[in-house]
Each structure stands twice: as structure tokens, then as C-alpha cells.
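**Q** quick check, what structure comes out for this input:
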Amino acid sequence: MKKKPTTRASGAAEATGETDAPVKKTAKKTTAAKKATAVKKPLAAPGKATASVKAAPVKTAVKPAGDESRTALVRRARRINRELAEVFPYAHPELDFENPFQLVVATVLSAQTTDLRVNQTTPALFAKYPTPEDLAAANPEEVEEILRPTGFFRAKTKSVIGLSKVLAEDFGGEVPGRLEDLVKLPGVGRKTAFVVLGNAFGRPGITVDTHFQRLVRRWRWTEETDPDKIEAAVGALFPKSDWTDLSHHVIWHGRRICHARKPACGACPIAPLCPAYGEGETDPEKAKKLLKYEKGGLPGQRLKPPQAYLDAGGRPAPPLGAG
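**A** Predicted structure coming up:
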């Protein structure tokens, strides 16, 4: 008796080494079996929306198998970053700043609030206290009143006045460009330090905020929960030169599409690469309604965003009190 021929599925099955069940040797039935296999294993997420990406041929799904190899993980992670770079080519730090001092202060103020609220608050702060020396000598009660909209304003006042004093007394009024110096400033940890290093000094760093932590675990880049361990695990998957832009891409995706409570899976441009596809809304039309900021037709978080963002159709946020 002759053995029945088998066929190997393309796309995701090839990536994982899976094979299909044996089929009958009749040519027509073999073709029909292949088509049936394609239906069972779609190459892209069902109803994948095109709101965030240009129309393009359906991409091969490469969702990780339970035993995804290190090499496969690296390839998938880097592909996700490339895809997000196409979706958010204008990604940038979403805090308004004109110099390293403004950025370090704004980043400290961004704890437990939105970048938008910080951007609406800092114009008055920097207008009155433009330098570290000015803020170091400020009346705490006056600073508290300015920072009140950001929440936890007493603690934040203590931090920004404290870091200003250290800058004025120990660093000649200049923000240092080294990690070991930045983390010595009151209220500045590794996350804040890497924001400053990457965006004010052009030195690569990974910003592990809440969005970053959530997404890299959803994508199974790491199972770590400690920010420092997440930083190390993810950093090992990418060249150091990619770290800063990677942080922007992931954070932007987390804020706009891959939300904490209800991800917009049906409008996600990297759905075929995501192990967590289906945790959120998969219907394209319903998912579109979940999109935030410019992806949902709404203003961004900066009052003074980069020109590239405006050229891409983004709109600046309104100032504090403007409706």
C-alpha cells in the first residue's frame, strides 16, 4: 500500500515548524485541503483595520509558539519595532521642553498624571523660574500653587526645588549627561534619567514606563515585572542605537492603540505578530472608536509638538483652561 502524501502549511505554520494532517493523493483534493488549511490558519487577524497603516498585501502571521526560540524572539521583536516605526514615523517625547532642565523637571512632574497635564502646567512654571537657580530659590508655596493641577503637588514641589538646588550647587546650573549623575537628583530614577539622556543628549536608553511594561509582556518579549530587569531583557533584543526610538514606538502604541483595559485589537497594525491578539476588541469598526490622540482624530499631548508631527496631520493640545 502506498503512503498518502502530506502537505506542509505555509505562513505561520512554516515559522513554527508545524505540519498539516495527511490528505488524499488526488490533486484536486490536495488543492482543496490547502485552501481549507489557509482558512483555518489566517495570515492576518480577522477584520484587521487599516486605519493605522497603508493598504498592503496581507502579511504572514508569525505568532510565537510556546517554545519560541531566542532567535525567533529577536526576529519577531525587531519586526514589531519596524512595523511601529512605519505607523509612528513621527514618534517623539510627548513632554514639551526647550532644554535639558525643562525636560528633567517635566519628566519628574509626569509621575501619576498625563503628559498633557504637565505640558499645560509647565509654561507658567518656566516663565517664572526659567533656570535651576531661579527654581532653587523659589517660595515652595508659590510653586505648589502652579503645580497643583499635576497632582501630588507638594511632593513634586519638593523634588523639583531639590533637584534645582543640586544642579545649581553641584553642576554649575547644568543638567549632567551621565546616568550616574542624573540618578543622584531628587525625584530622578532610571526611567527619568533615560528620558533625559535619550531626548536631550542623544544617548540611547530604554524608558520603562507603565505602557512599555504592559506591552512587552503582552508581546512575550519578557516575563519580568521589575522595571530594571525588563530594561535589561528588552535591551538585549535590540542594538543599543535602537533603544530610544524603540521606547517611543512602544509607548506611542500603548497610548493610542494597545490600551491597558481594552486594546483596540481590530485596529492594530501588528496584530499578526501579537500573542495577545483577541484580549481586546477585534471588530474593526468598534476598535476604531477606541483609538486615541491623532489615531482617533484627537489632539496630541504637546502644546508645541515637532513639525514632523504636524506635517503628518497631528494637532497640538490646547493650553490649560482652554475648554
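**Q** between the two ends of stretch 162-179, how far is it?
**A** 18 Å (CA to CA, to the nearest Å).
**Q** now do stretch 245-264
**A** Stretch 245-264 has an end-to-end distance of 23 Å (CA to CA).
**Q** can you give me the buried ones in it?
**A** Using 16 or more other CB atoms under 10 Å as the test for burial, stretch 245-264 gives 245-259, 263-264. Using the backbone N, CA and C atoms, a C-beta is placed for each residue, glycine as well.
**Q** how far away is residue 121 from residue 151?
**A** Per CB to CB, to the nearest Å, residue 121 is found 10 Å from residue 151.
**Q** so which of those two has more stuff around it?
**A** Comparing residue 121 with residue 151 by other CB atoms under 10 Å, the one with more neighbours is residue 121, at 22 against 14.
**Q** surely the more buried one and residue 147 touch.
**A** Yes. Judged on CB atoms under 8 Å, residue 121 makes contact with residue 147 at a distance of 6.4 Å.
**Q** where does the closest residue to residue 171 other than its chain neighbours fall, secondary structure wise?
**A** Leaving aside its chain neighbours, residue 171 sits nearest to residue 181 (7.3 Å; criterion: CB to CB, 6 or more residues apart in numbering). Using DSSP states H and E, residue 181 sits within helix 179-182.
**Q** show me how far that helix is from its chain's centre.
**A** Taking CA atoms, centre = their mean, to the nearest Å, one finds helix 179-182 lying 24 Å from the centre of the chain it belongs to.
**Q** would you mark the buried spots in it?
**A** In terms of neighbour count (16+ other CB under 10 Å), helix 179-182 has its buried residues at residue 182.
**Q** same thing with stretch 82-100?
**A** By neighbour count with 16+ other CB under 10 Å, stretch 82-100 contains the buried residues 83-84, 87-88, 90-97, 100.
**Q** counting contacts, what elements does the following helix or strand past the helix holding residue 181 pack onto?
**A** Note on helix 179-182: by DSSP H and E, the next helix or strand toward the C-terminus is helix 190-200. Under the contact criterion of 3 or more CB pairs under 8 Å, 6 or more residues apart in numbering; DSSP states H and E, helix 190-200 touches helix 100-109, helix 179-182, helix 227-235, helix 243-256.
**Q** rounded mean pLDDT for the longest one, please.
**A** To tie it back to what came earlier, the one meant is helix 243-256. Averaged across helix 243-256, the pLDDT comes to 98.
**Q** likewise the third one?
**A** For helix 227-235, mean pLDDT rounds to 97.
**Q** coming back round to it: from residue 227, how far off is the residue nearest to residue 171?
**A** Residue 181 sits 20 Å away from residue 227 when distances are taken as CB to CB.
**Q** next: residue 76.
**A** Computed with CB to CB, the distance linking residue 76 and residue 227 is 22 Å.
**Q** more crowded one of those two?
**A** residue 76 (23 against 18).
**Q** show me the shaky parts of the chain.
**A** By pLDDT under 70, the weakly predicted segments of the chain are 1-66, 323.
**Q** now do 80
**A** Residue ranges of the chain with pLDDT under 80: 1-66, 322-323.
**Q** residues near residue 150, how many?
**A** By other CB under 10 Å, 23 other residues sit near residue 150.
**Q** can you report phi and psi for it?
**A** phi -90, psi -10 (degrees, to the nearest 10).
**Q** and it, what does it touch?
**A** Going by CB atoms under 8 Å, 6 or more residues apart in numbering, residue 150 touches 109, 113, 117, 118, 121, 156.
**Q** please repeat the previous calculation with a cut-off of 6 Å.
**A** 109, 113, 117, 121 (CB atoms under 6 Å, 6 or more residues apart in numbering).
**Q** closest to residue 166 among these?
**A** residue 109 (16.7 Å; CB to CB).
**Q** how near is the closest one to residue 117?
**A** When distance is defined by CB to CB, residue 109 is 9 Å away from residue 117.
**Q** one more: residue 282?
**A** According to CB to CB, residue 282 and residue 117 sit 32 Å apart.
**Q** what segments of the stretch 1-150 of the chain are helices?
**A** Ranges of helices in the stretch 1-150 of the chain, per DSSP state H, counting those that start in this stretch, are 12-16, 27-40, 70-87, 100-109, 115-128, 132-136, 140-147.
**Q** which parts of the last one are buried?
**A** Residues 143, 144, 146, 147 are the ones in helix 140-147 that count as buried (16+ other CB under 10 Å).
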